[in-house]
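Trainee: got a predicted model here, sequence first, then my questions.
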Amino acid sequence: MLSRVANAVYWMSRYLERADNVARFIHVNIHLMLDLGLEHDNGRWAPLVAASGDDEDFRRRYDDHNEKNVLHFLTFDEENPNSILSCIHRARENARTVREILSSDLWMAINDVHHLTQKQARRRKIGDLQDFYLSIRRAGYVFTGLLEDTMTHGEAWHFADLGRMLERADKTARILDVKYFLLLPSLEYFDSPYDAVEWSAVLKSVSAFEMYLKQHHTINYKNVADFLIFHPSFPRSILRCTHQAARSLHSIVAATASDTDIEQSMSTLRSFLADATIESVLNHGMHEFIDTFQTHSNTLDRDISQTFFA
């Protein structure tokens, strides 16, 4: 496979997954504020920007983390490369350059969500956008289903799966890191009904709420963190995503006879997770654990680019 094609498929998948996750964070945050009876501009928008990793860019161009600014920045800001608008646009451009290897249904689905996003781009209020965020989330399910069912599971599929899994693991880590930092020091609400509502929102942001309750009958920070990091079979846990990414990477290396040094980067990431437990994570610091995970993940992404796309 040409490196140009592999690069386009990999980033097409990452951008679509990124847009889906941003929509999830916003949609769940809206409902959380309704559940807690909070005003829209009460300061609960800043964590969404922090979870995106773009707080520095936001502060440089906006003067306040209010509803209007955060919604525009995360949804329709063309200068923000991680806004839903930018991600969908870049995903479509990558897909357009490799249409010959995508199924027609998959291309049409990406094209449809692109046009939907462009159509909604002038809206700014929550009341106008809730259905839009839900549509972006549903488009994510459609993309995943079409990728799985309409494409041969060869090199192109593995590059798409690799990008999607690494992006998904990163976003699960980010939302857990931000919410844990915000909630754990809040002793006033610790292990209270308020605390449970907040952690429920974290689970809902990654569609884990129902599966979590099947395993744990009460909601507390330790079990939520353990579920989202170490659950071996939940599709959005960090461990599960990393293992899936490793399988796709191994298939790519085997098919392309690439330098096996790239697998060492993946092995380092997997070993880091295998050596950790929820007790060690909480004892040494959630933020420190997530930070180290993202460092290994970023190293892997860099090595993927150098090995396959350079």
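Mentor: Received, thanks.

Trainee: center of the chain, which residue is that?
Mentor: Geometric centre of the chain, nearest residue: Lys171, 3.3 Å, by CA atoms, centre = their mean.

Trainee: what residues does that residue make contact with?
Mentor: Residues counted as contacts of Lys171 (CB atoms under 8 Å, 6 or more residues apart in numbering) are Glu17, Arg18, Asn21, Ala51. Any C-beta I mention is one placed from the backbone N, CA and C, and that applies to glycine too.

Trainee: which one is Thr97 nearest to, not counting chain neighbours?
Mentor: In space, and not counting its chain neighbours, Thr97 is closest to Ala8: 5.1 Å by CB to CB, 6 or more residues apart in numbering.

Trainee: over to Leu36?
Mentor: Val197 (6.4 Å).

Trainee: gap between Glu198 and Cys241?
Mentor: 23 Å (CB to CB, to the nearest Å).

Trainee: wait, Ile110
Mentor: Distance of Ile110 to Cys241, given as CB to CB: 22 Å.

Trainee: sorry, back to before: check what pLDDT the residue nearest to the centre of the chain gets.
Mentor: Lys171 carries a pLDDT value of 94.

Trainee: that one: which element?
Mentor: Under the criterion of DSSP states H and E, Lys171 resides in helix 155-183.

Trainee: next SSE after that helix?
Mentor: helix 193-205.

Trainee: list the buried ones in the helix or strand following that next one?
Mentor: Heading C-terminal from helix 193-205, the first helix or strand you meet, by DSSP H and E, is helix 209-215. Judged by neighbour count (16 or more other CB atoms under 10 Å), helix 209-215 contains these buried residues: Phe209, Met211, Tyr212.

Trainee: between these, which is nearest Asp226?
Mentor: Tyr212 (9.9 Å; CB to CB).

Trainee: and His217, what are its phi and psi?
Mentor: For His217, the backbone dihedrals (degrees, to the nearest 10) come out as phi -90, psi -10.

Trainee: what of the one 5 residues further on?
Mentor: Backbone torsions for Lys222, taken as degrees, to the nearest 10, come to phi -70, psi -50.

Trainee: isn't it up against Asn283?
Mentor: No. Using CB atoms under 8 Å, Lys222 is not in contact with Asn283, being 11.3 Å away.

Trainee: more crowded one of the two?
Mentor: Each of Lys222 and Asn283 has its neighbours counted (other CB atoms under 10 Å); Lys222 has more, 12 against 9.

Trainee: quick check: that one vs Phe209, distance?
Mentor: 17 Å.

Trainee: what of Lys171?
Mentor: Remark: distance between Lys171 and Phe209 (CB to CB) = 17 Å.

Trainee: do the same with Ala139
Mentor: According to CB to CB, Ala139 and Phe209 sit 21 Å apart.

Trainee: now stretch 130-145: average pLDDT?
Mentor: Rounded mean pLDDT across stretch 130-145 is 93.

Trainee: ok, and what's touching that stretch?
Mentor: By CB under 8 Å, 6+ apart, the list of residues contacting stretch 130-145 reads 16-17, 19-20, 23-24, 26-27, 30, 84, 106, 109-110, 112-113, 116-117, 120, 123, 164.

Trainee: filter those residues down to the buried ones, PyMOL style.
Mentor: The PyMOL command for the buried members of the contacts of stretch 130-145 (criterion: 16+ other CB under 10 Å) is given here:
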select buried, resi 16+17+19+20+23+24+26+27+30+84+106+109+110+113+117+120+164
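
Trainee: now list the buried members of the contacts of Lys171.
Mentor: Among the contacts of Lys171, those classed as buried by 16+ other CB under 10 Å are Glu17, Arg18, Asn21, Ala51.

Trainee: and which of those is nearest Ala160?
Mentor: Checking the buried ones among the contacts of Lys171 against Ala160 with CB to CB, the nearest one is Glu17 at 9.8 Å.

Trainee: list the residues that contact the closest one.
Mentor: Residues near Glu17 by CB under 8 Å, 6+ apart: Gly140, Gly163, Arg164, Glu167, Arg168, Lys171.

Trainee: again, only this time at 7 Å
Mentor: For Glu17, the contact set (CB atoms under 7 Å, 6 or more residues apart in numbering) comprises Arg164, Glu167, Arg168.

Trainee: next: Ile84.
Mentor: Ala19, Val22, Ala23, Leu74, Thr75, Thr117, Ile136.

Trainee: could you rerun that using 8 Å?
Mentor: Shown in contact with Ile84 (CB under 8 Å, 6+ apart): Ala19, Val22, Ala23, Leu74, Thr75, Phe76, Thr117, Ile136.
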